[in-house]
Structures are given as structure tokens and as C-alpha cells.
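**Q** Fold the stuff below for me.
(chains A and B)
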2 protein chains.
Amino acid sequence: MTSQDNFTVDPWQIVEHTLDLTGPARAESVFALSNGHIGLRGNLDEGEPHGLPGTYLNGVFELRPLPYGEAGYGYPESSQSVINVTNGKIIRLLVDDEPFDLRYGELHGHSRTLDFREGVLRRQVEWTSPAGRTVRVTSARLVSLTQRAVTAVDYRVEAVDGPVRIVLQSELVANEQLPQAGAGDPRAAAALEAPLIGEAAHAAGTKAVLVHRTRYSGIRVAAGMDHLIEGPGRLDSTAESTDDQGRISVTTVLSPGEPLRLVKFIAYGWSATRSLPAVRDQVEAALTAARYTGWDGLAAEQSQYLRSFWDASDIEIEGDVELQQAVRFAIFHVLQAGARSEERAIPAKGLTGPGYDGHSFWDTEAFVLPVLTYCLPAAVNQALRWRHTTLPLARERATQLGLAGAVFPWRTIRGEECSGYWPAGSAAFHIGADIASAVVRYIRATGDLQFEREYGLELLVETARMWRSLGHHDAIGRFRIEGVTGPDEYSAIADNNVYTNLMAQTNLRAAAEAATRNPDEAAALGVDTEEAAAWRDAARAMFIPFDANLGVHPQADGFTDHQLWDFEHTPPEKYPLLLHYPYFDLYRKQVVKQADLVLAMQVRGDAFTAEQKARNFAYYERLTVRDSSLSACTQAVIAAEVGQLDLAYDYTAEAALMDLHNLGGNTGDGLHMASLAGACIALVAGFGGVRDQGEHLSFRPRLPAGLRRLTFSMLVREKLVQIAITHSGTTYTLRQGTELKFSHDGEELLVKAGRPVHRPTLAPPPQERCVQPPGREPARRHAQPGVASGGTVGSGPDHLAAE
Amino acid sequence: MTSQDNFTVDPWQIVEHTLDLTGPARAESVFALSNGHIGLRGNLDEGEPHGLPGTYLNGVFELRPLPYGEAGYGYPESSQSVINVTNGKIIRLLVDDEPFDLRYGELHGHSRTLDFREGVLRRQVEWTSPAGRTVRVTSARLVSLTQRAVTAVDYRVEAVDGPVRIVLQSELVANEQLPQAGAGDPRAAAALEAPLIGEAAHAAGTKAVLVHRTRYSGIRVAAGMDHLIEGPGRLDSTAESTDDQGRISVTTVLSPGEPLRLVKFIAYGWSATRSLPAVRDQVEAALTAARYTGWDGLAAEQSQYLRSFWDASDIEIEGDVELQQAVRFAIFHVLQAGARSEERAIPAKGLTGPGYDGHSFWDTEAFVLPVLTYCLPAAVNQALRWRHTTLPLARERATQLGLAGAVFPWRTIRGEECSGYWPAGSAAFHIGADIASAVVRYIRATGDLQFEREYGLELLVETARMWRSLGHHDAIGRFRIEGVTGPDEYSAIADNNVYTNLMAQTNLRAAAEAATRNPDEAAALGVDTEEAAAWRDAARAMFIPFDANLGVHPQADGFTDHQLWDFEHTPPEKYPLLLHYPYFDLYRKQVVKQADLVLAMQVRGDAFTAEQKARNFAYYERLTVRDSSLSACTQAVIAAEVGQLDLAYDYTAEAALMDLHNLGGNTGDGLHMASLAGACIALVAGFGGVRDQGEHLSFRPRLPAGLRRLTFSMLVREKLVQIAITHSGTTYTLRQGTELKFSHDGEELLVKAGRPVHRPTLAPPPQERCVQPPGREPARRHAQPGVASGGTVGSGPDHLAAE
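**A** Numbers count the residues shown, from 1 in each chain, chains lettered A, B, ... in the order given. Sure, this is the predicted structure:
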């Protein structure tokens, strides 16, 4: 039972039984381990063969020049690229006198397993060397969720059919050669080729530490390792170091049944300001603590952390085991991205690969944080505090652009704008409102008023100021926001993008309300009643275009007058369109890369009537090609709302399988965190019908024919409510706390501890399925057999481009 | 009596009596000589001191990479930059043992004179060396308008107060060090630093030839020189050459009254395809011919050519001698740019400097060719044939952009798109219609039906095809052109730009009409009656937006709804705006860099009522900041049409003085050909009221108070009509041909040879002067004294940015 060639379908784990030597990068992303602070790609212990070796530290980047053929005022001069830092996961193995390398010799067995409840990547290999010696290697690797600076490997090797001489070289390697650094721009490549300058190297006993500094960005990075070695007979070990290498070598002769075990503890520390001894000591302290805890201790902490996490965060699905697996995979990786990012950004690919240069976009606030808010709110607090730390840079950018308040960067690692193409970068001002919306959601879901006072208010105020200065009142008093780019990247520089205007409206109102709640803090930020009144007034007067002829909302002024994209004559190989058609043509026609107006209907459902939602959805379905990974989940949510449940189911599966099935073709560069989060949103906001824009949550459960049961929980102000939906009814159970108010299909409910509430699950009236552009229909998800007989392969279209 | 510091006001020449050692680049542009084939900046004979040494050959360029921070489909990968080729104008002088260098010693007298009737740059210097030796140098330089490969220098030196030993080194220098190559991009700088690779070098007797090839673009360039040497007593000469230098040295001892004369003939040949011997022989043949003609012969040919040119081309002004000088300067340089460009482009700066990388834009067809059409139509024929040679590239570009027909490049030397910023480059599709319009004008003015058949028709057909595929019919049948950029570079990617749509309409109609006139040739191009009907239909249905509330035409859809630029709070030092504000902000607000809707009213006056013209003009005057050199002339024309004659006069002077007064601050990079041509347009189309969109010319003469008389001639189908306008009346005289039809103030007139027609010159009713953005008013041009007492300084604002 395989899912998309070599991953086994299993509700709680990803298992691989064959090694894909032709394209190993994809599995390296899927098996990546991270805690949001440190990320290790799922490279083999021995380092090679590899697709893309990767060890990432959140916030460690190098600067590279951003060139322009024709420059302009305010264009950023340099970008930030995540770099592959000192690789600590390498354990090379010499079998007699041959390196253990799976490209040679004979592989008898291979498996890798990532268990979502354990948080450990396990590997088993049995291999015969070209000279005929057979060994069995077992390893387990974790990136600790409880000791954020620590990763560890439990490595065992044993002889199978006769004595072998073994050498293990456990290494730290800096400035590894990469297969594809900075492709496209030779200057960028040069900057990123060997980004680390050695500052200190030390090895003794079982321990080694390397300290480096990045050449241009000046970030100091220390990597250390320590080892426990257990084995039979005589064991020799040596310690060596050079600038770019630390190595502990262990030699012995093994007879069958006498394994050699190496437990490797690896720790990282980095800082742009602290001294070399400080950073080195931090690493050595982490190593000491890890060694004290030991492998078993670290593994136990890990599974305890995850047990607690899954208890509040699991989404259980009956009727589609492949979707079940994909959703848990998604939740697990979203957790890995956000768990310990701690005042650093959550990048679009987490720490699973170098895609998008390691940048964070609006994805984080618009897709990832809405999921974490209701299961791991502390991570959201940290992520928004990171945004808060970048406020000085965002204010500077606003000043440079002639605006008030703060303009957050379209893409960044540390906070500086890194987009050199402003029509799809700086002009996408909606990111300000996306951040504000995440702030409002977090505060509403947690009641964390201290956060509001200390961080949230300022984020709301500075973004509201930006909107007030970006827009203007026209001659008849409407507040207009012109020349901006909404979520859809196949449009740019348009007037009154509905998503942007509605989100700005929310942002302006939220700032005014927060200022009223926190008058002293607001006054300290210079907000007076006149300013707050100006925000409320702009929000009230916000212009939302509507095409009365067609009875739909144009995505932005004039959009529905534009020429329709010639879908009929666009062959399948021309997708994603951006790689085959010029932007000028995409921008001026009716063709949508990703949900834009449809996303507005999700996040601001109150601004649309039910009839408008249905008409709008049908209209934009015909135009939306999903060349972005940030679309299917939103389409799933609104499809469910307008009663297109089967279509919603198809989109949910597409979002969930984006990386497991490599639908965007670029999973090898890292996983798509927002799409993974989007899979959860599709289920919760789509089939659960959850909306959180009002004071209380509202539910509107609808189940597609393909699912028998959907169960999930939400943490709201420390109350944990579980929702279990079947076709016949929905049950709300309060698992933590005393009582919680919410609404179900418009009916106000109060659920109390120990007194589950049951309501019938409604089914929408049958209707015609909405139509997509030819060839861009989502793969139909057929009714799935139960867990017992396993899921079939739901392979989606393989040509979707990722965001 | 000086004009803008050091140029004397004189109706027929530019005279300089002091040498500006702090910023010599400006005078080097003003004194540049060119025939459109070869261009020499006005560098001193001895090479230094210089602002920017420059020798340019039309079509000789080097490739340089066009980098992108974020690349996109269809972005050009390289650009073309004009290069400074082998410098042949250097004659170094050693006085005893000191180099003649005006930075040292004592300068007793200096003058340079460029006479527009002679076409020769004359120089006189008297100088005492630091060691006390005094010499007088007299030189004359020309770039032949009759022998296009030839330039020549007549150089004389004499001792003033005692015998001196003289060494003259007459040189060819390749790969000269430049003060500012490729500033901004180190890779571009590297590509342009020493672009010439030596292929052959030869020197013997009085002759030397160097042959080079450009590194990336592969263009072979040969430069040769030969000399006549006349002097007293013993004259020694030697000939030497290295890869990058050819040198003929002459030594003698001069006593006062015994001048040494060196006549230097320089010839250039270049080709991307021909062999080394072929190119070298071509140069040697040109030298032989030049030597045969001799200096006096070349000078005589030159002045004869110019006598004939001025006879048909002069614009005489009474009442403002400074403007008279400026306009003749303008006409002279437009002639120099276009006279012998011969199937090569006319760059925006002619061959006077490296500004804009030596690229040609729409300027040529929209500003330069309209002037040349009525005085030097053969040059227009050549210029449009150059465009025709680029059709294969333009078709390729259209295919790449998913369009039919041909898309001409926004900026280019050889025909490839060289703009890396598509919102202001490729999206400015109007260039296609500008070319078509120049074709129509040329054919109408000359009756050259052979050109129409062989070149014009295909240009019209391929541009019409482009428009038909770029636009579309909307639900109510209007033909819309969306997502394009009009002439105003402070707007981009807008829908239904009025200028673009009206020009496209003309283009579509003209193509259909030309196809009807030339059925066989049209059929050969694949045009059938259905296609022509589709063009006519699109033209008929062309959508022209109008803002009924304001009673004005928006520049493009929605323009008049946009926020007004905050002119009140834009201080003078923030102009040009593009250097101080981000494009996103300029694009989304009502602020206009250069005439756009106002230009539409000039070239498609038939599409507007008189009342609309007045209202539109007043509306856009308030928004137009003239950060481009391509604005004042158009504003002059429409100001005159709507009766704002004083304002028109001010704008005319601004256009005419753009370079002489360095109003854009970048005359040093080369002269602004389109603005110079625009000064002529301002006078002819403005005060003469000439329009040429109908079958016959129409005139509507109006004279501002500042001018007493305006006289100009126009060549129409080999008939030369002279128009003389005074405040009391206008006289039309046919100077060549038998009769000509045209209209005067709407009245049809037929003027016959020997029978001048006189009509009263009308004066518009007095009206309030239109208002410009604060601080952006054109300098008021006060009534000027006559020639006898000379003109006063009309110094315009010094902060205008050039196009």
C-alpha cells in the first residue's frame, strides 16, 4: 500500500521502504526534523548520496546583492538568503577499507520512519560492501522540542555475517559544497558559496566545537558535538579539527551480535552581537545538558511533548486514511516550524529547505498562525513578537515610501524588505492587515491582554496608520486604496482590491478598538481620539467595488471588464503560467493564480451575502488556475460554505497532499508550510465551518460524502472544545474548562464540562458542480475504503506550481 | 551678452569665449559634430582636459548583462550599450618639452565657434607654457555630411613671440580610459571597460589604421587616418602603431609667422559581418577620397549641403534672438542626428553622448521624424527603413509575449528589447502606433508609394496585428486595450490609456487603408478582407474613457479618481520625483511626468471638441511636473491651440533651451534630440497651428506677444510652402512647385507659384492663465529686445530632469 510511489500510507507515520537515488531531495524535505530553531533536512547519516544537504538555524542568513537593470528609488539593495550552516549530522562509516555508500555495493534492506507521536526519524539499513562485507546500520535522529539548541543521533552498526573492521567518523562540516547555490546570478552564487569564515576550531576527547562568522551579515555561528561510545572489545578514538571540520573517529573490529553504538549530541548557538566565547560556551552548555539527559531522556521528553500536543491538536478523519496521514503530517510539520521559533520568523518553508531563500511572507500570519492559535498559542505569541521586533525597520520602510506607520516587508528573514520586484512585493500592502488580523485572532482566542498592551496594540496602531496614509477619500467620500497588489499574484497594482480593502477595514477598526481598551498605552504611542476617529471613519467609508451587471465582486476595480484568459488554448504544459507567459499579459487579463476575492469571503464573510458568496465563488472558480500552493485550501473552505462539498473535499486533499505527492514539483526545496496549515484550515473552517471573526467562534458543520467522521479540538481561552462531526450529527464536548459559548448553524450554544451538546449535521441542497479552467480541475477524490483495507492513491495533478 | 554663462547669443552660431574647466562635458555635447553615421563629442584636440571623451559610430555597441533580483518570463537577458570607439580626433602638441595642456600655463585667449551654416567647429587658442613659450593654435573640425565615413581636422600652430620646438602627435586611440563607465553595476562596468579587442594595427608614412572587434557583440571596427603636413624648414615625421594606438609624429622648429599646418583625415568603417580586409579597405578608400577632396573641398561641400538644407528648413524668429539661436541650434543638431543615419537608428541623444546607453526610443518617431518629414524626407525614409529591418526581431518579441504581429522594443540599438523594467518598457506598446504614425505622415507628405509598398505597408500591417491581438471587445462591444503604459512615465499598467487607444485606432485604420491601396502586397503579407475588416471594426469600437462628472478625459481608466499628488508638500529639491519617491506611489496618484492626454490632443485633435481641449489642458496643467524633456513642447502646442499664447511661448523657450541652458542637468551625457525637435514642433504646430492628420495640411496661426514674426517652410510632395506670420497677418508663399492645397483657420486655400496668399492672423480672446503645480511653472519669457540690442538671459528652472 503505497502513497505516491515510495511512502507507505499509515495514519501516524511516514514510512519509506525504498531509497530514491534519482531524486532524494524530496524525501529529505519530507523527513526533515526541526523545532523551529534548528532544522535538519533528512539527509542520510553518512552525508552522501544527497539531494540537497541542509542544516538551518532560524535567523542565520547571508546578504547577497539585489541587482537591477534599471534601478529606482526605494528598491532594496540586498537580499537575505538562508544558508546551510555547519553540518553536524554526518557520521561516516568505513567498512573494512570501503566507505559505506549506498550507490555502491548491495542494499538488502532500507527503511526510514518518521513517527508523528515520537518525533524521531528512524532508519534501518542492511548493506553488503563491494568487497562482500555485510553490516546493519540502525539510526535514530531527533531535533529536540524541549531543549531547543540540541539535536541528537543514536547510531548503531553491527556486523552481519563475519567480523569487520569499522571506522566511524562523526563530523562537523562547514562550507559544504552545495549542488545549486544561487543559481541564476553568479554574484549571488559567489556570496553564498562559502559563506562561513572560521573563527575557532577545537577538538578533544569525544567533543569538538567550530565557530564561524558569516562574511557579510556578520552572524556568529557555533556548532558543537559530544559523543557517548559503547562497543565491544578495544575501541580507539581520536579528535581532530581544522577551520571547517571537526572530527571524532572511532575504530574497532566487530563480530556479529556485538553492535557499536555512537550517541551523538549536537548543539548550535548563534548571535549577531554576542562574543565568540559567549556563543561557544552556550553551545558547550547545551551539549552538557544534552549528555546529562541522554538519548533515552531526550527521546522520552520528545514523545511526552508530542503526546500533550496531539491531545489538543489532532484532527481525526474516518473514511480516508491517506488524508488522515497527510493531515497529521501537515500538523506535525507546522508544529516543527513554529514550536520554538521564539522571536524569530517562521519561514514559508519552515527550516526544511532553502526554498524562497528562507524568507517569511504573509503566509505565516494568514495560514500558519490561524492553525497554531487554537492549539499552540504560545508559538503565535512568539511569532507576533518577532514581527514586533521588526517594527523599527518597518517604520523606516514606511518613511522611505512616504507613508505613515509601518510597512512590513513582503519577504524577509530579519525584517528588511528583500523583494526586488515591487509590483509583487512592496505593493502587496495587505501583509500589514494580515499581521493585524493575526494579532486580533490571537488576543481574542487567548484573552492575552498583556500581549495586547505590550505588543499587539502597537502592531495594530502602526498598520492602521499605514492604511490611513495609503488610502484617501474621493470626491463623494469613499475611502479608496489604489495601486496595490492583493493576494493573487496574477494581478498587480490595481485599485480597491476587495481583499485588501476589507482587511484594511478590519485593521483600522481593530486599532481604534484596541486604543479605546488601552488608553494609556495608546496615548504613549501618540494616538489621540482624533486619530482613532480618522481610522473609524476610513473603515466606515471603505469602498468595496461591485459589478452590478454581473452580480459579482470584481477582485479589484475593473477586473471583471478585463479580457478573459484564453484557457481554451493554454495547453497543460504551459502551467504554471508565470513560467510561460509574461507578467504584463497575466496582469491585464482575468486569470487568477490563487484565491483572492475567495479568500476575502473566508476572512470577511460578514461583508458578503450568501447569494453573493455563491455567485462570486462560481465566477472565480472559472478563472483560478491554482499555480500557487496557497489556493486549494481557501477554495475548499468557500466551496464547503456554498455547499459544494465534494469539490471542497477534492481541494482539501490537494492542499494536504501538496508535499507528500510533490504536486508543486518543488518539495525538494522544502515543504510548503502554508499549504500544510491550509489543509488543517480546509478541514476545520471548511467542513467544520469554523469562523472566528466574531466575539465567539461559530460552527457550521458539513461533511462530504467521502468522509464518515471528522473530529478536532480547539483551545479557546484555555478551554478545550472537541467537535465530532458525522453525517447525522455533530457533538461538542468541553474537554477542558467549565463552559464555552459559540454558535452552531447560527444558534447560540453554551457547552459545559461533562455535558456534550449534540446537534444534527445539515446537508446542503444538491447543486451543480462549479467549473474550473479546462485541465485545472482538482483531482477527484473518490470515496475511500476504511483503515482496514487502506487508502488508494489519490494522485493529484503533478504540474501545480508552488507559491 | 552671454546666454547661460559662457555661450554668446547669436542667431547663426554658438560661440564660447571661456573654457569651463569645472564641467567641460556640457560644452562637449553642445559642440558635438555628427552626420548621423559618425559622432564626435566636442573634446579638445589635445584630448585633455575632458569631461567625457566620445567617438560614436551608429550601431556599434557592446552587450552587457541585464540582471534581475527576481526574474520573470520574457525579461531580456542583455542590454546594448553604445561604446566610445577608437578616438581619431586627438592631436597632441608638445611645446618645447611641455605638453600643451590648458590646465597649466597661461591661457590668453580661447574661443570655439559652431556655425550652423558652415557645419565646422572652429577653435582659437593662445597659450603660454609654464616655461614661458607662447603659441597660437587654430583648428577646424568637421564630420562630413557628404562623405559619411569621413571626419577631418585642419590644425595650425604658430609661435607667437620667439622660436619654439614643436612636436605634433596625431593619434588613433582605442579603449580610452573613461571617467564613468557603467556606473552602478560592476558587471556592466567590466563589460564596457575595454570593449575593443585589437585585430590589426598598421602605420606607415602619414597613414595609420587600427582594426578592432567588440568582445561580446562581435562588431568589427576599423579606424584610419591620413595627413597633409605643411610647414616651414625641416619637418621630420614618424609613424608607429600598437594594438590600441596609431601615431604619426611631426617635429619642427617654428619661428613667429611660420605656421605648421596639419590636415588630418579620419575615416571609420564597421560591420558585424564583413571580413577584416574588407572593413580595412573600406576605411582606406574613404581616406583616399577625403584626401583627394582636401580640407577646403570637404568644407565647401559641407557649407553647400547646409545652404541647401537651411533654405528649406530654417525657422526665422523676429523678436527673440535667444530663441532664434536656440531653434537653429535645435534644427542643426536634429539634422546632424538624422542626416546620414541610413538604415540605422536615430538615438535619443543622437551621437552626441552615451546617455540612455545610446538607445533609441519612441522619441524618434514621435518627435524627431515629424520635423525631418517636412525638410529632409529622405532621412525619414532611412529611419523607417531601419525600423523595417528590425521586423524579424519585433515579430519574435511579439510571439514571445503571446501577441500577433510585431512588438517593437522600448529601447534598443539594434532592435532587441533592452528594457529590463517592463512596466515602463514593454508595456509601453504605444511605440508601435508611434512608428505607424510616422509611416503614415511620411507617405502622406511625400507621396512615396514605393516606400509604402516595400516598407510602410508591412510596418502598418504588423503593428495593426499587434493591436488587434492586444485589445479585446467587452460585453457591450467596446474595444479595450488593458494593462499598458502610455507616454506619461508616472503612470503604468493602466487600462484604456487615451493616447494609446487613439493612436492604435489610427494605426488600425491606416493599415486597413494601406491594404486596400496595395491589395497584392497586402495579400503577400497574408492580409485578407476579413483581417482588414477586423482592424476597421476594432478602430470603430475603440473605447475612449471620459469622466462625465469632471467633464475631462481621464488619462486612462480611473485616473481622475486617483488621489492627487501632494504638490503642496513637495519641496523643490524633491524634483525630479522619480529620484525621491517610489514608483508605486507615483503610479497610483494623479501626477504626470510628461504630456500624455495632452499629446493625444495634439496628434488626434479630431477626437476632442474645442471645449474638451480647453478643459483637459487646464486639468492636466495642474498635474504635470515636466520631469521629462518630452513635455514642454507638447504643452506649448496645446497651450497655443487653446489660446494660452504666453504660456505656449514660455514652454517653447523651455523646450528650445533644454540643452543650451542644461535645464535637465544632464546635457553632458548628450543632447536631447526629441526636445530639440520639440522646440521646432512647438513653433510650427504651436504658433503655426500646423496639423497634418488630414489629407491636407491645416494651419491656424497665432502669435504670442513676445514674437514679432515667425517664418518657416514646409516641403510637401516636393512643393515648398513658406509661411510668414505676423500679428496682423499670415502670408503663404509657394517657393517650389506649382500649387498646393491646405487650410487656414478652417478655410480651404489653394496657393500657386508666384501668387502668395495673405490672411489675417487671429488672436484668441484673453483668458486666465492655466495653473501648474506650485514651483513647476515654466520660467516666464519676457518680451525680448530686437537683434540689435540682443536677447536677455531667459534662464529656466535648473532642476528639470531629462527624459
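**Q** contacting residues for the nearest residue to residue A:8 once chain neighbours are set aside?
**A** The shortest distance from residue A:8 to any residue other than its chain neighbours is 4.1 Å, reached at residue A:15 (C-beta to C-beta, 6 or more residues apart in numbering or on different chains). C-betas here are computed from N, CA, C, even on glycine. Counting by C-beta atoms under 8 Å, 6 or more residues apart in numbering or on different chains, residue A:15 touches A:7-8, A:111-114.
**Q** Give me the distance from the helix or strand hosting residue A:15 to the chain's centre.
**A** Element membership of residue A:15 [criterion: DSSP states H and E] is strand A:13-16. Relative to its chain's centre, strand A:13-16 lies at 20 Å (C-alpha atoms, centre = their mean, to the nearest Å).
**Q** Buried residues, that strand. List them.
**A** Buried residues in strand A:13-16, counted by 16 or more other C-beta atoms under 10 Å in any protein chain shown: A:13-16.
**Q** Just the closest of those to residue A:163, please.
**A** Of all the buried residues of strand A:13-16, residue A:16 has the smallest distance to residue A:163: 30.9 Å, by C-beta to C-beta.
**Q** you'd agree that closest one is up against residue A:109?
**A** No - the pair residue A:16 / residue A:109 is not scored as a contact, 11.9 Å apart, by C-beta atoms under 8 Å.
**Q** What distance do you get for residue A:507 to residue A:436?
**A** Using C-beta to C-beta, to the nearest Å, we find residue A:507 at a distance of 4 Å from residue A:436.
**Q** Likewise for residue A:238?
**A** Residue A:238 is 57 Å from residue A:436, by C-beta to C-beta.
**Q** Next, the closest residue to residue A:602 other than its chain neighbours: secondary structure please.
**A** Leaving out its chain neighbours, the residue that sits closest to residue A:602 by C-beta to C-beta, 6+ apart is residue A:637, at 5.0 Å. At residue A:637 the chain is in helix, as set by DSSP: H, G, I helix; E, B strand; the rest coil.
**Q** Direction included, what does the strand holding residue A:15 pair up with?
**A** When pairing is defined by DSSP bridges, strand A:13-16 lines up against strand A:7-8 (antiparallel), strand A:106-115 (antiparallel).
**Q** For whatever helix or strand comes next after that strand, enumerate the helices and strands it packs against.
**A** Per DSSP H and E, the first helix or strand lying C-terminal to strand A:13-16 is helix A:25-30. Where contact means 3 or more C-beta pairs under 8 Å, 6 or more residues apart in numbering or on different chains; DSSP states H and E, helix A:25-30 is not packed against any helix or strand.
**Q** got the contact list for helix A:25-30?
**A** A:6-7, A:14, A:16, A:19-20, A:41-43, A:50-52, A:54, A:112, A:114, A:329, A:352-353, A:659-660, A:662, A:667-671.
**Q** Would you mind identifying the next helix or strand past that helix?
**A** From helix A:25-30, the next helix or strand downstream (DSSP H and E) is strand A:33-34.
**Q** Give the pairing partners of that following strand; include direction for each.
**A** Under the criterion DSSP bridges, strand A:33-34 sits next to strand A:38-40 (antiparallel) in its sheet.
**Q** Return the distance of the partner strand from the chain's centre.
**A** With C-alpha atoms, centre = their mean as the basis, strand A:38-40 stands 14 Å off its chain's centre.
**Q** do stretch A:195-210 as well
**A** From the chain centre to the centre of stretch A:195-210 is a distance of 32 Å (C-alpha atoms, centre = their mean).
**Q** residues of it that come out buried?
**A** For stretch A:195-210, the neighbour count (16+ other C-beta under 10 Å) marks A:195-201, A:203, A:206-210 as buried.
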